[in-house]
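Engineer: quick check, what structure comes out for this input:
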Amino acid sequence: MKIGIDARFAVHNRRGIGNYTLKLVQYLAAIDKETEYILYIDIDDSENILPKQDNFRVVKMSPSNYLIWEQIILPIRAQKDKLDILHCTGNTAPIWFGKNNRLLITIHDVMYLKSYSLLPQSLSMYQRWGRIYRKTIVPLAVRHASGVITVSGFSKNDILASLPKINEELILVTYEAAGERFGKTYPSSKSNPIAEKLGIRGDYIFTLGALDPRKNTKMVMDVFLALKTNQNIGENLVIAGIPRWRTSAFYQELQKSPFRNSVLFTDFVTEEELFGLYRGAKIFLYPSLYEGFGIPPLEAMASGAPVITSNVTSIPEIVGDAALLINPASNGELAAAMLSLLNNEGLRTSFIEKGFERAKQFSWLKMAKETLSIYESVYKHAKPAA
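Structural biologist: Prediction:
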């Protein structure tokens with residue numbers, strides 16, 4: 001087989017889709033020395049992280065404009081390379097790919113097809129345009145796809161409800177996982193070099209922030225400040241991952257609070273820094289309104305942080321009973337859950353132990369093996385997904 005993979009997300013600042021894409025190609029390289037793979041990217045692999053073995057080839061294509069690259073440059077190059085399968089890993093794909101070619105799409109979620117009454121509109125213009133683009137492209141692209149991969153049972157059902165013309169048998173679930181780094185064990189120590197490097201002092205509660213309202217960053221900050229005011233909790237709050245955070249509405253609002261020095265923002269953090277932040281946190285908060293999978297709770301569990309997360313969408317399927325689940329629309333439930341973990345060391349220890357075991361149940365190696373089997377099946381028995 002000759003497989004082309006849209007690997008753009010692996011070489012940009014990685015979050016969910018980028019982590020999925022990078023781990024997929026790295027583990028395919030570990031298990032498959034025979035198939036010819038072409039990895040298509042739009043910027044240089046500056047970190048030198050993509051596979052370099054003989055059966056992998058990296059092709060950088062310009063321009064990097066998302067729409068032009070995906071809808072024009074990619075299908076033309078895929079035709080030229082005479083691929084057996086093109087795997088698009090980030091929810092979208094070319095709407096034209098030729099009748100005799102096999103297209104495989106990983107659809108992580110279909111939140112862009114949801115009403116704004118269910119999922120609020122993002123403050124970011126880039127994310128708004130992205131939502132419009134996906135809402136337009138995905139229903140067209142799946143019509144000529146030979147298969148759809150998704151990342152949870154919840155997402156499979158959500159795809160079927162949102163795109164009912166897809167053949168259910170051709171939607172296949174491959175679970176994601178936490179990276180190997182997050183499962184490392186270290187001797188217990190009160191020092192945390194990563195926290196010190198980032199200027200964090202004392203005990204802290206950790207969350208991954210975002211401008212996207214579904215990540216509930218404002219709720220986390222509001223509840224934390226209320227607990228500082230009403231319960232006099234001693235911990236600080238660390239919010240990582242918000243670009244240009246000094247200009248964000250979160251930061252501007254924080255300046256009105258007497259506890260503004262108790263909240264620390266960071267920009268994008270590396271995987272090593274993220275592990276250090278998880279590992280040192282008294283609690284990791286992830287009250288997301290919607291997730292197709294939700295890797296961060298697993299990363300936090302594997303790193304030894306007790307987790308409070310949402311009781312909606314895919315999250316209960318992924319975390320099981322190893323996290324404290326709350327209604328992400330309830331400030332009161334989040335506050336009560338935070339106090340229960342801060343004030344009960346035995347409960348914290350119990351969730352830490354459960355989290356370690358739960359995270360072990362998910363494996364990127366297993367995901368790559370399952371994906372390779374899907375390639376082989378699509379190659380032999382290709383037919384449109386819709």
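
Engineer: just the element for residue 130, please.
Structural biologist: Per DSSP states H and E: residue 130 is located in helix 125-141.

Engineer: which elements pack onto the helix or strand that that helix is followed by?
Structural biologist: Sequence-wise, the next helix or strand downstream of helix 125-141 (DSSP H and E) is strand 147-150. Applying 3 or more CB pairs under 8 Å, 6 or more residues apart in numbering; DSSP states H and E, we find strand 147-150 packed against strand 102-106, helix 153-162, strand 171-173, helix 364-381. Quick note: C-beta positions are derived from backbone N, CA and C, even for glycine.

Engineer: now do the buried residues in the last one.
Structural biologist: Read that as helix 364-381. Residues of helix 364-381 classed as buried: 364, 367, 368, 369, 371, 372, 374, 375, 378, 379 (neighbour count, 16 or more other CB atoms under 10 Å).

Engineer: now the helices for the stretch 251-386 of the chain?
Structural biologist: Taking DSSP state H, counting those that start in this stretch as the test, the helices found in the stretch 251-386 of the chain are 271-280, 295-303, 315-319, 331-342, 345-359, 364-381.

Engineer: nearest to residue 113, of those?
Structural biologist: Nearest to residue 113, of all these, is helix 315-319, at 19.3 Å by CB to CB.

Engineer: just give me how far that closest one sits from the chain centre.
Structural biologist: 14 Å (CA atoms, centre = their mean, to the nearest Å).

Engineer: for that helix, name the packing helices and strands.
Structural biologist: Short answer (3+ CB pairs under 8 Å, 6+ apart): helix 315-319 packs on helix 295-303, strand 307-310, strand 324-326.

Engineer: JSON lines for the ones you listed, including distance to residue 26 and mean pLDDT?
Structural biologist: Formatted as JSON lines, those follow (distance: least, CB to CB, whole Å; pLDDT from 0 to 100):
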{"stretch": "helix 295-303", "distance to residue 26": "15", "mean pLDDT": "96"}
{"stretch": "strand 307-310", "distance to residue 26": "26", "mean pLDDT": "98"}
{"stretch": "strand 324-326", "distance to residue 26": "32", "mean pLDDT": "98"}
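
Engineer: CSV for the ones you listed, including distance to residue 242 and mean neighbour count?
Structural biologist: Shown next, in CSV, are these (distance: least, CB to CB, whole Å; neighbours: other CB atoms under 10 Å):
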stretch, distance to residue 242, mean neighbour count
helix 295-303, 14, 28
strand 307-310, 19, 26
strand 324-326, 22, 21
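
Engineer: any chance of these in JSON lines, with distance to residue 341 too?
Structural biologist: Shown next, in JSON lines, are the helices and strands packed on helix 315-319 (distance: least, CB to CB, whole Å):
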{"stretch": "helix 295-303", "distance to residue 341": "13"}
{"stretch": "strand 307-310", "distance to residue 341": "7"}
{"stretch": "strand 324-326", "distance to residue 341": "7"}
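
Engineer: residue 94: which of these is closest?
Structural biologist: Across these, closest to residue 94 is helix 295-303 (CB to CB), at 26.5 Å.

Engineer: and stretch 140-158, average pLDDT?
Structural biologist: Averaging pLDDT along stretch 140-158 gives 95.

Engineer: now that stretch, how far from the centre of its chain.
Structural biologist: 17 Å.

Engineer: rank the helices of the stretch 251-386 of the chain by pLDDT, which is bottom?
Structural biologist: Across those, helix 271-280 has the smallest mean pLDDT, namely a mean of 92.

Engineer: which outside residues touch that one?
Structural biologist: 14, 179, 181-182, 184, 186, 192-195, 197-198, 200, 204, 206, 238, 240, 269, 284, 299-300, 303-305 (CB atoms under 8 Å, 6 or more residues apart in numbering).

Engineer: buried set for that helix?
Structural biologist: 273, 274, 275, 276, 277, 278, 279, 280.

Engineer: same deal with stretch 315-332?
Structural biologist: Within stretch 315-332, judged by 16+ other CB under 10 Å, the buried ones are 315, 318, 319, 322, 323, 324, 325, 326, 328, 331.

Engineer: got it, and stretch 27-45?
Structural biologist: Neighbour counts over stretch 27-45 (16+ other CB under 10 Å) mark 27, 28, 29, 32, 35, 36, 37, 38, 39, 40, 41, 42 as buried.

Engineer: over to stretch 93-107?
Structural biologist: Neighbour counts over stretch 93-107 (16+ other CB under 10 Å) mark 93, 94, 95, 97, 101, 102, 103, 104, 105, 106, 107 as buried.

Engineer: for residue 53, state which of those residues is nearest.
Structural biologist: residue 104 (21.9 Å).

Engineer: distance of the residue nearest to that closest one when sequence neighbours are not counted from residue 273?
Structural biologist: Spatial nearest neighbour of residue 104, chain neighbours left out: residue 87 (4.5 Å); criterion: CB to CB, 6 or more residues apart in numbering. From residue 87 over to residue 273 the distance is 30 Å, taken as CB to CB, to the nearest Å.

Engineer: what's the worst-scoring helix or strand of the chain on mean pLDDT in contact with?
Structural biologist: Across the helices and strands of the chain, mean pLDDT, DSSP states H and E gives its lowest value to helix 193-197, namely a mean of 82. Outside helix 193-197, the residues that touch it by CB under 8 Å, 6+ apart are 201, 204, 272, 273, 275, 276, 277, 279, 280.

Engineer: could you rerun that using 10 Å?
Structural biologist: By CB atoms under 10 Å, 6 or more residues apart in numbering, the residues outside helix 193-197 that reach it are 200-202, 204, 206, 238, 264, 269-270, 272-281.

Engineer: buried subset of the contacts of helix 271-280?
Structural biologist: By neighbour count, with 16+ other CB under 10 Å, the contacts of helix 271-280 hold 14, 179, 182, 192, 194-195, 198, 200, 204, 206, 238, 240, 269, 284, 299-300, 303-305 as buried.
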